[in-house]
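Trainee: Sequence isn't available, so here's the structure alone:
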């Protein structure tokens, strides 16, 4: 029996990603989001939704670029911190003792300590309610060599990304391997 | 030391969600996606990217509605199956022995056996490469009473949503609770 909850953003899982930007003076900022996802394979693109009131929103508009930084489970407090305070009031990188590195391909900083990062060039923006929906073209992906698996790609169990549960306001880690995509369904 | 992977959709985690639609004759279809995410809080909206070549694409255009169905880890083979075959060639609900239920709020079917579902009205669509980016306004959320936690909301460890790793083509479950959002970062 299903219970109705009305019109709410109540869906699992959502990612925990940290958006890296520069302000007009080239000072780095980091802001955590859960409203985002891949939105195109070719060109490779991600969509992230950010409120107009945020410091990051102005930075993306100014520099036309951002990074998407994937924290590991071990970074969960830092990831939460980056979503709690505004870059208008504090230098979050200094406060969190994390390192902003200039991207190779776009005008935005990435977080050195995080295992997996995307450098994105702003393709477009549109308004949806109180959020601006930014589409970024992925110009490069970088991963720590220590999180690579035997196939040379980032290993999910080494990257250990964080999940967010909206409304229950909770973070979770990654669990067991469940199977190979485009393969296990052939048994049906 | 970070290794560069070039321009690719290589980011974790992405969700495993199944999109429910009717065709012009009212026949239900289900298709699995990983390119999607929440994109607005007010109004509550989700964005999903679907290739023009798919049967689901035509259905959404025709009926201006879709559901987002969250499978549990126990549904991983069914979820993979829904992404392997086209509704043009087979009645996937019958083949998978799953039940399409007419939504209350929108013109699309949801999957009775899945624990958490969203009924969405099409707000807009835009083209990004080979994908169409559909924005759906969430008109209702429904969850099985058996997956609710003590707070009355869906419990992540009972819903047990599936994660997808692009490129590594692998499914994973949800792991350990890591902490409370907007709270644990205060220690920084």
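Mentor: Received, thanks. The structure displayed is predicted, hence computed values, not measured ones.

Trainee: doesn't residue A:114 make contact with residue A:75?
Mentor: Yes. Counting by CB atoms under 8 Å, residue A:114 is a contact partner of residue A:75 at 6.5 Å. Where C-beta positions appear, they are placed from N, C-alpha and C, glycine not excepted.

Trainee: Which one of those two is surrounded by more residues?
Mentor: Counted by other CB atoms under 10 Å in any protein chain shown, residue A:75 and residue A:114 do not tie: residue A:114 has more neighbours, with 28 against 25.

Trainee: which residues does that one contact?
Mentor: Contact analysis of residue A:114 by CB atoms under 8 Å, 6 or more residues apart in numbering or on different chains lists A:18, A:69, A:70, A:71, A:72, A:75.

Trainee: do residue A:17 as well
Mentor: With CB under 8 Å, 6+ apart, residue A:17 has these contacts: A:32, A:33, A:34, A:36, A:48, A:68, A:69, A:70, A:71, B:11.

Trainee: now it, which residues is it bridged with?
Mentor: residue A:33 (DSSP bridges).

Trainee: any residues in contact with both of residue A:75 and residue A:114?
Mentor: Joint contacts of residue A:75 and residue A:114 (CB under 8 Å, 6+ apart) do not exist.

Trainee: residue ranges for the strands of chain A, please.
Mentor: All strands of chain A, identified by DSSP state E, fall at A:2-6, A:14-15, A:17-22, A:28-33, A:36-40, A:45-51, A:65-70, A:100-102, A:109-111, A:116-128, A:131-144, A:163-165, A:170-180.

Trainee: can those go into TSV with extra columns for distance to residue B:188?
Mentor: Shown next, in TSV, are the strands of chain A (distance: least, CB to CB, whole Å):
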stretch	distance to residue B:188
strand A:2-6	33
strand A:14-15	21
strand A:17-22	13
strand A:28-33	12
strand A:36-40	23
strand A:45-51	21
strand A:65-70	16
strand A:100-102	16
strand A:109-111	14
strand A:116-128	20
strand A:131-144	22
strand A:163-165	18
strand A:170-180	15
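
Trainee: could you redo those strands as a markdown table and give each row mean pLDDT?
Mentor: Output for the strands of chain A, formatted as a markdown table (pLDDT from 0 to 100):
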| stretch | mean pLDDT |
| --- | --- |
| strand A:2-6 | 98 |
| strand A:14-15 | 98 |
| strand A:17-22 | 98 |
| strand A:28-33 | 98 |
| strand A:36-40 | 98 |
| strand A:45-51 | 98 |
| strand A:65-70 | 98 |
| strand A:100-102 | 98 |
| strand A:109-111 | 98 |
| strand A:116-128 | 98 |
| strand A:131-144 | 98 |
| strand A:163-165 | 98 |
| strand A:170-180 | 98 |
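
Trainee: Out of those, the one nearest residue B:123 is which?
Mentor: Shortest distance between residue B:123 and these, using CB to CB, is found for strand A:116-128: 7.8 Å.

Trainee: Note down every partner strand of that closest one and its orientation.
Mentor: Assessed with DSSP bridges, strand A:116-128 is paired to strand A:65-70 (antiparallel), strand A:131-144 (antiparallel).

Trainee: how much does the shortest one deviate in direction from strand A:17-22?
Mentor: Put plainly, it is strand A:65-70. Interaxial angle, strand A:65-70 versus strand A:17-22 (axes from the mean of the first three to the mean of the last three CA atoms, to 10 degrees): 150 degrees.

Trainee: Please tell me how far the nearest residue to residue A:23 once chain neighbours are set aside sits from residue A:150.
Mentor: Once flanking residues are discounted, residue A:23 sits nearest to residue A:59: 5.2 Å by CB to CB, 6 or more residues apart in numbering or on different chains. Between residue A:59 and residue A:150 the computed distance is 38 Å (CB to CB, to the nearest Å).

Trainee: and if you look at residue A:112?
Mentor: 25 Å.

Trainee: Compare these two and say which is more crowded by neighbours.
Mentor: residue A:112 (14 against 6).

Trainee: How confident was the prediction at the more buried one?
Mentor: With respect to pLDDT, residue A:112 has a value of 98.

Trainee: mind checking how far it is from residue B:79?
Mentor: Applying CB to CB to residue A:112 and residue B:79 gives a distance of 36 Å.

Trainee: thinking again about what came up before, got TSV for the strands paired with strand A:116-128, with mean neighbour count too?
Mentor: As requested, the strands paired with strand A:116-128 are exported to TSV (neighbours: other CB atoms under 10 Å in any protein chain shown):
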stretch	mean neighbour count
strand A:65-70	27
strand A:131-144	23
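
Trainee: could you dump these to CSV with distance to residue A:155?
Mentor: Formatted as CSV, the strands paired with strand A:116-128 follow (distance: least, CB to CB, whole Å):
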stretch, distance to residue A:155
strand A:65-70, 13
strand A:131-144, 9
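
Trainee: Contacts only, for the nearest residue to residue A:144 once chain neighbours are set aside.
Mentor: Excluding its sequence neighbours, the residue lying closest to residue A:144 (CB to CB, 6+ apart) is residue A:115, at 4.6 Å. Applying CB under 8 Å, 6+ apart to residue A:115 gives the contacts A:70, A:72, A:143, A:144, A:146, A:147, A:154, A:158, A:159, A:160.

Trainee: and residue A:145, how many neighbours?
Mentor: 9.
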